[in-house]
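> Only the shape, not the letters, is given here:
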């Protein structure tokens, strides 16, 4: 009797490498995929079929990989989708045996199994990277791929500013003399209504150009929910495919309407919101700009948990200048660069259309021409012969007190030297202090300075 020997197919190192990396959520190379095809020439065998399948996958586009679930913000679901490919071709038992083969793992990935295992942390030495260029979507104002915020009370024109920035980026037009990086913009209109479309139309009329690269989401989006984050990422890819430009800016207007009913003061809830925004910026490459409200005491900054401000790359306070249609823009945080100077910007009216009652419907547009601010702090209203130096002293005292920081004559002098110059402070600080004390604005208690709120 003749014994017939059946050839037993074994897995090549190249196919094992591709399968192992794929099953663990990592990428494999085209070279390894080509080697696997070469070593498993018969496409009718199970390993030959797997090699062909993995070769097809490595040639898929980023969008197709996302659509198939092979790239996903939910890592657990991504691993399930990836391993289903192996199960379909070689079966679940064989897949588990393959992935547990320690000898194969040591042979395919020797660096990962040596005693001297190297860290995956991105280590650099000393000042390496000091001259790396900082990219911006608006130069020196909004860093690229960052988390930023503008905040202020209701009626401070903060949403008009957000629309202005969005329009300039979409159109590739400089803002306030600052270069912008042109790209598409995704604007989440969390508060709904026709206000934002009208502001965009007003900008188009004033500037004489369309902003077809600015897209609106006309409902709140909740970054605390993974499904919502995935929809934003999908929308960004769709926009890029349709207009041929990457999304440079995602505006969330406002934080309150897009917080999903959670507690803004709870650090855990705010942490989930921040994490969702971070995923959006990482997966889209865009800057995320959050429009936010100030708290009851404007001197204490934006409303809610302080963890939000801590996570920001840039933060701006917006307040109305008196009763005129003008805003004052102050940078309250710029993590990796100098803070832009505090400036005022006027708003101008634009006539949009005549309604059915014959009345003209108008909106406002920010004129991106900076000027010195004329606004006087409400606590200083009515004080005669008040100078910018008196206001600077008052702001320094009030800000330090609001943050719970030391507020002595010495530290306030240091604050003012940084902004007003050492010589001016040396000569005039006693007179400024006497003025505010005599007006009942500041109380001197030994070396400490205490603000007194005016009635």
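Cool, the structure landed. A quick note: this is a predicted structure, and the numbers were derived from the prediction, not measured. Numbering: from 1, shown residues only.
> for the protein, longest strand please?
In the chain, taking DSSP state E as the definition, the longest strand is strand 343-354.
> What residues of it count as buried?
Neighbour-count burial for strand 343-354, counted by 16 or more other C-beta atoms under 10 Å, picks out 343, 344, 345, 346, 347, 350, 352. For glycine as for every other residue, the C-beta is placed from the backbone atoms N, C-alpha and C.
> can you tell me which two in those are farthest apart?
The span of the buried residues of strand 343-354, defined through C-beta to C-beta, is set by 343 and 352 at 27.5 Å.
> what about stretch 236-244, average pLDDT?
In this model, stretch 236-244 has an average pLDDT of 95.
> where's residue 187, which helix or strand?
Element membership for residue 187 (DSSP states H and E) is strand 184-189.
> and the angle from the very next helix or strand once past that strand to strand 343-354?
Next along the chain after strand 184-189, taking DSSP H and E as the criterion, comes helix 195-207. In terms of direction (axes from the mean of the first three to the mean of the last three C-alpha atoms, to 10 degrees), helix 195-207 departs from strand 343-354 by 100 degrees.
> Buried residues in whichever helix or strand comes after helix 195-207, which are they?
As assigned by DSSP H and E, the chain's next helix or strand after helix 195-207 is strand 214-217. For strand 214-217, the neighbour count (16+ other C-beta under 10 Å) marks 214, 215, 217 as buried.
> cool, stretch 36-54 as well?
Applying a neighbour-count criterion of 16+ other C-beta under 10 Å, one finds 36, 37, 39, 40, 47, 48, 49, 50, 51, 52, 53, 54 buried in stretch 36-54.
> measure the fourth one to residue 96 for me?
I take that to be residue 40. 20 Å (C-beta to C-beta, to the nearest Å).
> same check, this time on the first one
The gap separating residue 36 from residue 96 is 20 Å, by C-beta to C-beta.
> follow-up on the earlier one: between the buried residues of stretch 36-54, which is closest to residue 105?
residue 36 (16.8 Å).
> looking at this, the closest one is in a strand?
No: under DSSP: H, G, I helix; E, B strand; the rest coil, residue 36 sits outside any strand and is assigned helix.
> which regions of the stretch 51-200 of the chain lie under the pLDDT threshold?
Residues of the stretch 51-200 of the chain that meet the criterion pLDDT under 70 lie in 111-117.
> Same check on the stretch 251-400 of the chain?
299, 323, 375-378, 381-382.
> Helices of that one, start to end?
For the stretch 251-400 of the chain, the helices defined by DSSP state H, counting those that start in this stretch cover 267-284, 306-311, 388-402.
> Need the contact partners of the shortest one.
Defining contact as C-beta atoms under 8 Å, 6 or more residues apart in numbering, one finds that helix 306-311 is touched by 147, 149, 255, 267, 270-271, 273-274, 278, 292, 301-302, 315, 333.
> let's go with 10 Å and repeat that
147, 149, 151, 255, 264-271, 273-275, 277-278, 290, 292, 300-302, 305, 315, 332-333, 403 (C-beta atoms under 10 Å, 6 or more residues apart in numbering).
> Pull out the buried residues from that helix.
Across helix 306-311, burial judged by 16+ other C-beta under 10 Å covers 308, 309, 311.
> thinking again about what came up before, for the buried residues of stretch 36-54, which one is nearest residue 89?
Using C-beta to C-beta, those come closest to residue 89 at residue 50, 4.1 Å.
> Cool, thanks, talk later.
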